[in-house]
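Peer 1: Got a sequence here, can you model it:
(one chain, ligands or ions: 1)
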Amino acid sequence: MLGAVAATGPAACTPVSTSQSTVEEPDAVAARGGPLLLRGVRLAGGRRTDVLLEQGRIAAVDAVANGAPELDLTGYLPQPSAVETHAHLDKALLGDRVPNPTGELDGAKDAITAAAAGIPDEDIRVRASAALEMAVRHGYTAVRSHADTGRGNGLRMGADAVGGVPYVDPDPAQAMREYLVAAREHGRLVDLHTDETTDPAVLSLRELAAETARTGMGGRVTASHCVSLGQQDPATARRVSAEVAAAVVALPHTNLYLQGRQAGTRVPRALTAVEALREAGAVLAGGGGNWRDPFNAVGRADPFEVASLLVSAGHFTPAEAYEAVTDKARQVLGHPPVRIRPGDPAELMAVKAGDLGTAVAQAGEDRAVFHRGRSSRGPGSQAGCTERSDHGLPTRRTNLSAPVRRARRSHRRFGAEAPDRRWADPPGEQRSRDRQHQHVGGGQRPQRASRQGDQADDDDRELTAHGQHGSRAQPAPRPGAVAPRRVPPGEDLGAGGDHGQRECDR
Ligand SMILES: Nc1ccnc(=O)[nH]1
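Peer 2: Residues are numbered from 1 along each chain as shown. Just a heads-up that it's a prediction; the model follows:
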């Protein structure tokens, strides 16, 4: 069972987001690690080779078959798996049931506020699980999620990081300060919806930088959305970007949907100042944000979808855009980098495509996903759902996965429509029954049972640890810098930022 729902409880009206650490189920750890040979993968540049995964790591490139179980990935391009830094799992897939009549931010807030009290916990769990299934199928192996808990409740409910939407507060600067102070007091990281407006007068990133300096939270803060920064004149955007050198998450899907609706013509592009931020050395990740809810009517939890939007709306190259949902997103969460090289975490997505540009452009569904070196979704699983063998590899197909059946049952129970197959059970879906595969989130796990071997500890840290601030030496952040956690290549990192983030294992 997916252990995935972020701190839920009845969704509260105030969109304050939190997260909860994941308690990893012991057998998930015990079960990982067997060797697996990926046969015939295509490396960047076109060379074909075999890659061996073992103990949750890439054990060898140009590996020699040694009797390990094999997976034929001829024609697949192995890439780092994606990391979603900013989801709203508690609202995911609510769109049809909670319409946003204006399509604007206020309409979304009003709609969810009116509906929240009538949404049972189980309903949240079912939708969040379905959304996570969708995300894993598409190549996410970590997701950090906000959940609306009502201000001040999240940490009490077990969140492992602080999230918030200060701009809904009458005094946003004060709200920012309180979020940061709460995060500092509890030793948590923080991610704030900095602003979501095309009004250039707002520029909340500056205030966030000032509060970050004041509270001494440099290096522990992520600034999400930051739409107004994209509405500045170029010199101001550059200056502010240089001042904050932020860990910023751009959310093209949500903000292109919500903002600019009144304009008619010359519609402002509601994206943060991606170019200025990148020039300033900010770690700029791309996030999905809202997946088919009142804040975004579309969204299929697919890193290629976010990447494609960054290409179109942010003028990233396809490679840069994929990096924004993989490497940069990993940096935001404090996860170590993944390259196709021995020793790196086996957090991979292999997609059937000749090159990365084609993969981003086509967003083909034929993908294989590996988490901790094991298959979370097998290749060629285009039609129907695929169950696993004991090796975690697909063995047979079914048309209706248990999660979908579960979802249907509960939706019936709550008098709601059955979930749409397009999201609940899309083509290429694999039923991810093995519990070890679905890691989602980078939840802090303060207590961890001791395990055998350093490798296991490293792996865990790679996948789950967040919020253990100060446990590793880091460059001192500039005063006021809303700085990313920088991870030296190859180093596992025991901390990462998130509000609303959570890890899921099943
Ligand atoms: N953009 C958003 C702001 C607040 N809540 C959401 O779910 N999404």
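
Peer 1: right, and the helix or strand after the top helix by length along the chain?
Peer 2: Looking across the chain with DSSP state H, the single longest helix is helix 121-137. Note on helix 121-137: by DSSP states H and E, the next helix or strand toward the C-terminus is strand 140-145.

Peer 1: Start from the N-terminal end of the stretch 201-350 of the chain and give the strands.
Peer 2: 221-224, 247-250, 283-286, 348-352 (DSSP state E, counting those that start in this stretch).

Peer 1: For the ones you listed, give me JSON lines that also has mean pLDDT, distance to the ligand and mean neighbour count.
Peer 2: Using the backbone N, CA and C atoms, a C-beta is placed for each residue, glycine as well. Shown next, in JSON lines, are the strands of the stretch 201-350 of the chain (pLDDT from 0 to 100; distance: least, C-beta to the nearest ligand atom, whole Å; neighbours: other C-beta atoms under 10 Å):
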{"stretch": "strand 221-224", "mean pLDDT": "97", "distance to the ligand": "8", "mean neighbour count": "30"}
{"stretch": "strand 247-250", "mean pLDDT": "96", "distance to the ligand": "11", "mean neighbour count": "31"}
{"stretch": "strand 283-286", "mean pLDDT": "97", "distance to the ligand": "14", "mean neighbour count": "29"}
{"stretch": "strand 348-352", "mean pLDDT": "97", "distance to the ligand": "26", "mean neighbour count": "26"}
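
Peer 1: quick revisit: average pLDDT for the longest helix of the chain, rounded please.
Peer 2: Averaged across helix 121-137, pLDDT comes to 97.

Peer 1: by contact count, what packs against that helix?
Peer 2: With contacts taken as 3 or more C-beta pairs under 8 Å, 6 or more residues apart in numbering; DSSP states H and E, helix 121-137 sits against strand 82-87, strand 140-145, strand 367-371, strand 374-377, helix 402-413, helix 421-424.

Peer 1: How about that helix, which residues are buried there?
Peer 2: Across helix 121-137, burial judged by 16 or more other C-beta atoms under 10 Å covers 123-137.

Peer 1: Now for the residues you listed: which two are most distant?
Peer 2: 123 and 137 (21.5 Å; C-beta to C-beta).

Peer 1: phi, psi of the residue of the stretch 251-400 of the chain found nearest the ligand?
Peer 2: At 4.1 Å from the ligand, residue 295 is the closest residue in the stretch 251-400 of the chain, using C-beta to the nearest ligand atom. Main-chain torsions, residue 295, degrees, to the nearest 10: phi -90, psi -10.

Peer 1: Please name the residues that touch it.
Peer 2: 88, 91, 100, 105, 108, 112, 254, 257-258, 289 (C-beta atoms under 8 Å, 6 or more residues apart in numbering).

Peer 1: ok, which residues in the chain are in contact with the ligand?
Peer 2: Residues of the chain lying close to the ligand (C-beta under 6 Å from any ligand atom) are 15, 88, 91, 165, 193, 196, 254, 289-290, 295.

Peer 1: ok so, going back, roughly how far apart are the residue of the stretch 251-400 of the chain closest to the ligand and residue 40?
Peer 2: Taking C-beta to C-beta, to the nearest Å as the measure, residue 295 falls 42 Å from residue 40.

Peer 1: just the CA coordinates of the longest helix of the chain, formatted as PDB?
Peer 2: C-alpha atoms of helix 121-137 as PDB (Å, rounded to 0.1, in the frame of the first residue of the first chain):
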ATOM      1  CA  ASP A 121      -9.600  11.800   4.500                       C
ATOM      2  CA  GLU A 122     -10.100   8.600   2.600                       C
ATOM      3  CA  ASP A 123     -10.900  10.600  -0.600                       C
ATOM      4  CA  ILE A 124      -7.700  12.500  -0.200                       C
ATOM      5  CA  ARG A 125      -5.800   9.300   0.300                       C
ATOM      6  CA  VAL A 126      -7.200   7.700  -2.800                       C
ATOM      7  CA  ARG A 127      -6.600  10.700  -5.000                       C
ATOM      8  CA  ALA A 128      -3.100  11.300  -3.700                       C
ATOM      9  CA  SER A 129      -2.300   7.600  -4.200                       C
ATOM     10  CA  ALA A 130      -3.600   7.700  -7.800                       C
ATOM     11  CA  ALA A 131      -1.600  10.900  -8.500                       C
ATOM     12  CA  LEU A 132       1.600   9.300  -7.100                       C
ATOM     13  CA  GLU A 133       1.000   6.200  -9.200                       C
ATOM     14  CA  MET A 134       0.800   8.400 -12.200                       C
ATOM     15  CA  ALA A 135       3.900  10.300 -11.200                       C
ATOM     16  CA  VAL A 136       5.900   7.100 -10.700                       C
ATOM     17  CA  ARG A 137       4.800   5.700 -14.000                       C
END
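
Peer 1: Could you figure out how far it is turned away from strand 367-371?
Peer 2: 110 degrees (axes from the mean of the first three to the mean of the last three C-alpha atoms, to 10 degrees).

Peer 1: Helix 121-137 vs strand 140-145, what angle?
Peer 2: Helix 121-137 and strand 140-145 are oriented at 140 degrees to each other (the same axes, to 10 degrees).

Peer 1: Could you report the neighbour count for residue 282?
Peer 2: By other C-beta atoms under 10 Å, the residues close to residue 282 number 26.

Peer 1: Can you check what pLDDT the model gives the residue nearest to it when sequence neighbours are not counted?
Peer 2: Nearest residue to residue 282, sequence neighbours excluded (C-beta to C-beta, 6 or more residues apart in numbering): residue 246, at 5.0 Å. The model reports residue 246 with a pLDDT of 71.

Peer 1: hang on, isn't residue 246 packed against residue 206?
Peer 2: No - in this structure residue 246 lies outside contact range of residue 206 using C-beta atoms under 8 Å: 10.7 Å.

Peer 1: The two: who's more crowded?
Peer 2: residue 246 (30 against 18).

Peer 1: Look up how far the ligand lies from that one.
Peer 2: 18 Å (C-beta to the nearest ligand atom, to the nearest Å).

Peer 1: Contacts only, for residue 249.
Peer 2: Residue 249 neighbours (C-beta under 8 Å, 6+ apart): 85-86, 191, 222-225, 284-287, 329, 332.

Peer 1: so which of those comes closest to residue 34?
Peer 2: Proximity of the contacts of residue 249 to residue 34 (C-beta to C-beta) peaks at residue 329, which lies at 27.8 Å.

Peer 1: The closest one: what's it in contact with?
Peer 2: 82-85, 249, 285-287.

Peer 1: So it versus residue 250, what's the distance?
Peer 2: 11 Å.

Peer 1: list the residues that contact both of the two?
Peer 2: Residues touching both residue 329 and residue 250 (C-beta under 8 Å, 6+ apart) are 285-287.

Peer 1: Now the helix or strand hosting residue 39: average pLDDT?
Peer 2: Using DSSP H and E, residue 39 maps to strand 36-42. Here strand 36-42 scores 97 as its mean pLDDT.

Peer 1: helices or strands up against the next helix or strand after it?
Peer 2: Once the chain leaves strand 36-42, the next helix or strand it forms, by DSSP H and E, is strand 48-54. Counting by 3+ C-beta pairs under 8 Å, 6+ apart, the packing neighbours recorded for strand 48-54 are strand 36-42, strand 57-61.
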